[in-house]
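S.K.: Got a predicted model here, sequence first, then my questions.
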Amino acid sequence: MEISLLAFVLAFALAFANGTNDVSKAIATLVGSGVTHYQAAIIWGTIWTTLGAGVSAFVASAMVKTFSQGLIQTGTIVQPFVVLAVLTGAMAWILFASRTGLPVSTTHALTGAIVGTGLIAFAGETLIWPAIAKKIALPLLLSPFLALTVALLIHPLVRLLAARWEGACVCVMPASRALVAIDARGGTRTLFQTTSFGQPVIAVPSQCDRAGLQGLIVGLDTIHWISSGLASFARGTNDAPKIVAMLLLGSTTATWSSTSSQLAAFGGVAIAMGLGSYFGGLRVTKVLAEKVTKMNHAEGLSANLTTSSLVLLSGSLGLPVSTTHVSSSAIIGIGLLKGLTYVRWTTVRDMVLAWIVTLPASAILSALAYLLLSRIL
């Protein structure tokens, strides 16, 4: 097998591993707060993760540049073994973590793999340490505290809105060109209606059962589903370019030889992330949904809104924050609002330990992979 083809295969394998671990970060609150069951949540997360990863081909050039050429000095000749070792080390650690049910960071794993391989391949001389510290280490260190703070700040507002909206919904009625609010007792109030002629834009077959109206129901569950989809989409756009960037590691231009190569790389990574999410995402999802803290509807929504907003913002700025850190910290923050005893600290301890170990573990695995690959290929 040619080395370039092997690199693509390993990149897709890493994307699969990423899916097994990271799909949980956006859907765990759906299950933990009782909105839906595991199978439906995983399918939902898989769809939006794949879409986000695919879209990242057109919107994530800054992230590709950061990971492909921002960490190694320009002009460095990067041997194929280096790329293969980085991909192998990161993939091996993430698969191990997923197997044991520990949520870990792909960003951390890739960073550790680059550093570990760079130390043994170049004696560390070609690594741009200030960039590693500023562009990767600092955002990764700050993101848990930022997520914890945001969750603590927005939850009181979400809790208030949820209390007022509980049992109520909004019914969209395209055929009548109306927007109707329905309270918990089934009473209705027309919020908007137009008398203009013309066909409705869409036709929705759903029932607003309590009031006997024809239309699309929008309630708290709907908002939670949307926030979960946004978080999954954001995760896809944030993680896919980091994996694809490994195929351009050391490039002076961070560009592809052809558009078809770029689309093949991003398309393959998107599909692999989706497959990993669907077939291997259950174990870590159970940990975040059940073993950190119990969540009610409003708490799960607060955690998901925190995750989706921070990951989307960081992705648009090209900052490689960890979805793992953001989501897990938001869930922990929600637990802290209820009191220290509501957080399962043994689970949190294991998670934090996994975060700490990820960097050295992936560095060691990638260094060993480099030594092995440089001798057999």
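M.R.: Perfect, thanks for sending it.
S.K.: Tell me where the model's unsure across the chain.
M.R.: Low-confidence segments of the chain (pLDDT under 70): 1-3, 70, 74-76, 124, 135, 164-177, 179-189, 191-219, 250-255, 315-320.
S.K.: And the helices in it?
M.R.: Along the chain, the stretches classed as helices by DSSP state H are 3-22, 24-32, 38-59, 61-69, 80-100, 106-122, 129-131, 138-165, 220-245, 259-280, 282-290, 297-317, 323-338, 345-376.
S.K.: Would you mind telling me which of the ones you listed is nearest Ala178?
M.R.: Closest to Ala178 of these, according to C-beta to C-beta: helix 220-245, at 18.0 Å. Placement of C-beta: from N, CA and C, glycine included.
S.K.: before we move on, back to that, can I get the helices of the chain in JSON lines including mean neighbour count and distance to Ala178?
M.R.: Compiled in JSON lines, those are given as follows (neighbours: other C-beta atoms under 10 Å; distance: least, C-beta to C-beta, whole Å):
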{"stretch": "helix 3-22", "mean neighbour count": "22", "distance to Ala178": "41"}
{"stretch": "helix 24-32", "mean neighbour count": "30", "distance to Ala178": "30"}
{"stretch": "helix 38-59", "mean neighbour count": "21", "distance to Ala178": "29"}
{"stretch": "helix 61-69", "mean neighbour count": "22", "distance to Ala178": "43"}
{"stretch": "helix 80-100", "mean neighbour count": "24", "distance to Ala178": "48"}
{"stretch": "helix 106-122", "mean neighbour count": "26", "distance to Ala178": "46"}
{"stretch": "helix 129-131", "mean neighbour count": "12", "distance to Ala178": "55"}
{"stretch": "helix 138-165", "mean neighbour count": "17", "distance to Ala178": "20"}
{"stretch": "helix 220-245", "mean neighbour count": "25", "distance to Ala178": "18"}
{"stretch": "helix 259-280", "mean neighbour count": "20", "distance to Ala178": "38"}
{"stretch": "helix 282-290", "mean neighbour count": "21", "distance to Ala178": "38"}
{"stretch": "helix 297-317", "mean neighbour count": "24", "distance to Ala178": "27"}
{"stretch": "helix 323-338", "mean neighbour count": "26", "distance to Ala178": "36"}
{"stretch": "helix 345-376", "mean neighbour count": "18", "distance to Ala178": "48"}
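S.K.: Please tabulate those helices in CSV and include distance to Thr190 as additional columns.
M.R.: As requested, these are arranged in CSV below (distance: least, C-beta to C-beta, whole Å):
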stretch, distance to Thr190
helix 3-22, 43
helix 24-32, 31
helix 38-59, 32
helix 61-69, 46
helix 80-100, 50
helix 106-122, 48
helix 129-131, 57
helix 138-165, 18
helix 220-245, 20
helix 259-280, 41
helix 282-290, 39
helix 297-317, 27
helix 323-338, 36
helix 345-376, 48
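S.K.: Point me to the residue sitting closest to the centre of the chain.
M.R.: Arg235 (2.7 Å; C-alpha atoms, centre = their mean).
S.K.: For His297, see how far away the spatially closest residue to that residue that is not a sequence neighbour is.
M.R.: Spatial nearest neighbour of Arg235, chain neighbours left out: Thr323 (4.6 Å); criterion: C-beta to C-beta, 6 or more residues apart in numbering. Going from Thr323 to His297 by C-beta to C-beta, to the nearest Å gives 22 Å.
S.K.: go on, Ile271?
M.R.: Taken as C-beta to C-beta, the span from Ile271 to His297 is 33 Å.
S.K.: hang on, the earlier thing: the residue nearest to Arg235 touches Ser24, doesn't it?
M.R.: No. Thr323 lies out of contact with Ser24 (C-beta atoms under 8 Å); the separation is 9.6 Å.
S.K.: For the residue nearest to Arg235, give me its contacts.
M.R.: 22, 25-26, 105, 231, 234-235, 238-239, 307, 311 (C-beta atoms under 8 Å, 6 or more residues apart in numbering).
S.K.: Kindly recompute the last result at 10 Å.
M.R.: 18, 21-26, 103, 105-107, 143, 147, 231-232, 234-236, 238-239, 307-308, 310-311, 314-315 (C-beta atoms under 10 Å, 6 or more residues apart in numbering).
S.K.: One more: Val9?
M.R.: By C-beta under 10 Å, 6+ apart, the contact set of Val9 is 1, 84, 87, 268, 272.
S.K.: Excluding residues flanking it in the chain, which one is nearest Ala137?
M.R.: Here the residue nearest Ala137, using C-beta to C-beta, 6+ apart, is Thr111, at 7.6 Å.
S.K.: make that Pro144, sorry
M.R.: Ser329 (4.1 Å).
S.K.: likewise Leu87?
M.R.: Leu10 (3.9 Å).
S.K.: wouldn't that neighbour be in contact with Phe81 here?
M.R.: No. If you go by C-beta atoms under 10 Å, Leu10 and Phe81 don't touch, sitting 11.7 Å apart.
S.K.: Many thanks, have a good one.
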